[in-house]
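Trainee: quick one: sequence and predicted model below, then my questions.
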Amino acid sequence: MQYLLCVLLGYCLGNINPAYIISKAKGFDIREFGTGNAGASNMAIIVGKKAGAFTALFDIAKAALASVLAGVLFPQIAAAKIIGGCACILGHIYPVLMKFHGGKGLACLAGALLGYSPKLFLILLVIEVTAALLLDYICVISITGPIVFTLIYALTAGEPVGTVCLAIVTVIIVSKHIVNLKKIKAGTEPHISFLWKKDKKEEE
């Protein structure tokens, strides 16, 4: 029962999607434009980088909250933080309130990592952002981040339930971003620098 409650806690928080709420308030559905998902990167492309930044921070915060609350409410579960965070990611990707069509889960993964270990979050954030900026593709973080986090957790925590949860979430997140790799090969994947060029063009 405690495991179920832990999962439900995270999943329900994951269903709160700012990209969808903001776009609906503006009179459209963000999932019908751009990359077709309700996430921070699509908000940045379609609405603007401020809206994208807010969405990213909100998604990070809700997953971090899910992780921390799970750890506090279910201390007897060794992997409570990871379970709560992973459930939030699944709630974001497959939200029942949005007919199971949400975002891709990257920001929520960052939040789950933050809730689990702020120190590890900062270290991986610097490494992943640096790699993404050098290669000029945000999807670099989406592909490598989940894998690196899962491997680090498996090797340091040695806890099977959390490792399996992270492995499942990793497969889902990476599979969601395979299309980005295909777009890079085809030359149609948006570059990170597009955001700054877009703002410069709008000012002109």
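Mentor: Received the coordinates, thanks. What you are looking at is a predicted structure, and each value in this text was computed from that prediction instead of being measured.
Trainee: name the nearest residue to Ala157, sequence neighbours excluded.
Mentor: The shortest distance from Ala157 to any residue other than its chain neighbours is 7.3 Å, reached at Thr163 (CB to CB, 6 or more residues apart in numbering). The way it works is simple: take the backbone N, C-alpha and C, and place the C-beta from them, glycine included.
Trainee: mind listing what that neighbour touches?
Mentor: 150, 153-154, 157 (CB atoms under 8 Å, 6 or more residues apart in numbering).
Trainee: just Phe149 next, same as before
Mentor: Residues counted as contacts of Phe149 (CB under 8 Å, 6+ apart) are 109, 113, 120, 124, 166, 170.
Trainee: which single one of those is nearest to Val96?
Mentor: When the contacts of Phe149 are ranked by distance to Val96 (CB to CB), Leu109 comes first, at 20.0 Å.
Trainee: helix, strand, or coil at that closest one?
Mentor: Applying DSSP: H, G, I helix; E, B strand; the rest coil to Leu109 yields a three-state assignment of helix.
Trainee: also Leu90?
Mentor: Secondary structure assignment for Leu90 (three-state DSSP): helix.
Trainee: so where is this protein shaky, pLDDT-wise?
Mentor: Applying pLDDT under 70 to the chain flags the ranges 190, 194-204.
Trainee: what segments of it are helices?
Mentor: Here the chain has its helices, by DSSP state H, at 2-14, 18-25, 40-46, 49-73, 80-93, 106-116, 118-135, 139-156, 160-176, 178-186, 194-203.
Trainee: mind putting the ones you listed into a markdown table with distance to Gly34?
Mentor: Shown next, in a markdown table, are the helices of the chain (distance: least, CB to CB, whole Å):
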| stretch | distance to Gly34 |
| --- | --- |
| helix 2-14 | 21 |
| helix 18-25 | 10 |
| helix 40-46 | 5 |
| helix 49-73 | 11 |
| helix 80-93 | 17 |
| helix 106-116 | 15 |
| helix 118-135 | 18 |
| helix 139-156 | 14 |
| helix 160-176 | 14 |
| helix 178-186 | 12 |
| helix 194-203 | 12 |
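Trainee: quick check: which of the ones you listed is nearest to Lys99?
Mentor: helix 18-25 (10.8 Å).
Trainee: okay, the angle between that closest one and helix 80-93?
Mentor: For helix 18-25 against helix 80-93, the angle by axes from the mean of the first three to the mean of the last three CA atoms, to 10 degrees is 30 degrees.
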